[in-house]
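K.L.:
this one's structure only:
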């Protein structure tokens, strides 16, 4: 009986020690692959994502999962539990732990090469930009010229303005329809002018402008600037950047899944 109590005590102690790791700062993890290892620092400024990743890693959740989607010049994605032991050619990317994580999008962290960010569903079904519970991607991207980066910024602002316009227009569709039905062109013109003024006001206050840091990084190190502000970036590779390029360059099928499985093992270093 005493031996049994001692064993239970040791189990509880180990459990408490494991749980005490959640919430601590300066977390460092390592992702081991056949193409080399990546050491990653998780950001303290995104504690929900940091702690969730540490929790899953401490449960060996990621061990045996694959980098199931790789696009050279873009990113490498993994963390789908359905990829463990999956058959060749099996479509992946829908699995997870059964929950989402509230977005922690911080303008301080952008999509430079080597950052780790949370995958998520599209805005159509996920307007709050909640992150997937386990799937993540590591940015590769490319190096931009200043002119090319300016073009990306223009495209992003064009999409943003269209999105704002469509939203405001939907909110005023009933009034527009009524003025058209009544043949009241003055009223219709008034509503259209009001919509345009509101769109301009919202757009001018939220217009996308790359910072000096973003411009410097995207024109030297590279990355994926068009994803900024839309996904939670929660860490970065501090050692093993070459592994990203090696994995991104592997042969893949029509679904961007590597022909030869790229399996990972995740260790908590600190």
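P.N.:
Thanks, I have it. Computed from a prediction, not measured in an experiment: that's the story for all the values here. Numbering: from 1, shown residues only.
K.L.:
could you use CA atoms for every contact and neighbour count after this?
P.N.:
Fine.
K.L.:
quick check: next helix or strand after the longest helix along the chain?
P.N.:
When the chain is scanned for its longest helix (criterion: DSSP state H), the result is helix 146-171. Going down the chain from helix 146-171, the next helix or strand is helix 173-182, by DSSP states H and E.
K.L.:
so how far is that following helix off the chain centroid?
P.N.:
41 Å (CA atoms, centre = their mean, to the nearest Å).
K.L.:
could you point out which element follows it?
P.N.:
Per DSSP H and E, the helix or strand that comes after helix 173-182 is helix 185-206.
K.L.:
the helix or strand following that next one: which residues count as buried?
P.N.:
Remark: after helix 185-206, the chain's next helix or strand is helix 212-218, criterion DSSP H and E. If you call a residue buried by 16 or more other CA atoms under 10 Å, then helix 212-218 has these buried ones: 214-215, 217-218.
K.L.:
again, but for stretch 123-130
P.N.:
Neighbour-count burial for stretch 123-130, counted by 16+ other CA under 10 Å, picks out 129-130.
K.L.:
quick check: mean pLDDT of it?
P.N.:
Stretch 123-130 carries an average pLDDT of 94.
K.L.:
which other residues reach that stretch?
P.N.:
100-103, 120-122, 230-231 (CA atoms under 8 Å, 6 or more residues apart in numbering).
K.L.:
same question, stretch 209-219
P.N.:
Under CA under 8 Å, 6+ apart, the answer for stretch 209-219 is 110, 112, 142-146, 149, 153, 223-225.
K.L.:
now render the contacts of stretch 123-130 as CSV, adding distance to residue 94 and secondary structure.
P.N.:
Below are the contacts of stretch 123-130 laid out as CSV (distance: CA to CA, whole Å; DSSP: H, G, I helix; E, B strand; the rest coil):
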residue, distance to residue 94, secondary structure
100, 13, strand
101, 16, strand
102, 18, coil
103, 19, coil
120, 10, coil
121, 10, coil
122, 13, coil
230, 19, coil
231, 17, coil
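K.L.:
make a ChimeraX selection of the buried ones in the residues you listed.
P.N.:
One line in ChimeraX is enough to select the buried members of those, burial here meaning 16+ other CA under 10 Å:
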select :101,103,120,230,231
